[in-house]
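Undergrad: give me a 3D structure for the following:
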Amino acid sequence: MSEICLLAQIEGHVQGVGFRYYTQLKAQQLGIRGWVRNLPDGSVESSICGDEDQIQNMQLWFTHGPSGANVTNVEYSSSGLAERQQDFSVRY
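TA: Purely as a prediction, here's the structure:
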């Protein structure tokens, strides 16, 4: 299977609700590599790499996030993914 890598920007009420922590847990559960971080504009950005099923499951999770989050929009791109992660981490 070929690897897919995407950069996601998740908007809505996604900071201060454990979004990064639960994203890391979900990614580790699915076997996805990458990272997640808060952005100054209040959104969350995440780089995700995995096979098609892993990525589809993570994309589905991004549409709602953890309880307490209110996701209003998720946008994906494949730009800016030059580095390869060995695991999934939270960036600060």
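
Undergrad: list the contacts of stretch 9-21.
TA: When contacts are defined by C-beta atoms under 8 Å, 6 or more residues apart in numbering, stretch 9-21 is touched by residues 36-39, 42-46, 62, 65-66, 68-76, 90. From N, CA and C alone the C-beta is placed, and that goes for glycine too.

Undergrad: which ones are touching residue 62?
TA: Counting by C-beta under 8 Å, 6+ apart, residue 62 has contacts 8, 10, 23, 46, 71, 74.

Undergrad: the fourth one contacts residue 7, correct?
TA: Same thing as residue 46. Yes. With contact defined as C-beta atoms under 8 Å, residue 46 reaches residue 7; the gap is 7.4 Å.

Undergrad: more neighbours, these two?
TA: Taking neighbours as other C-beta atoms under 10 Å, residue 46 and residue 7 compare with residue 46 leading, 26 against 16.

Undergrad: before we move on, back to that, among the contacts of residue 62, which are in helices?
TA: With DSSP state H as the criterion, helices contain residue 23 from among the contacts of residue 62.

Undergrad: take the contacts of residue 62 and write them to TSV, including pLDDT.
TA: Shown next, in TSV, are those (pLDDT from 0 to 100):
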residue	pLDDT
8	97
10	98
23	98
46	97
71	98
74	98
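
Undergrad: which one of the contacts of residue 62 sits closest to residue 53?
TA: residue 8 (16.6 Å; C-beta to C-beta).

Undergrad: helix, strand or coil for residue 49?
TA: Assigned with DSSP: H, G, I helix; E, B strand; the rest coil, residue 49 falls in the strand class.

Undergrad: quick one: it from residue 59, how far?
TA: Separation of residue 49 from residue 59 (C-beta to C-beta, to the nearest Å) stands at 13 Å.

Undergrad: need the overlap of contacts for those two.
TA: Residues touching both residue 49 and residue 59 (C-beta under 8 Å, 6+ apart): residue 6.
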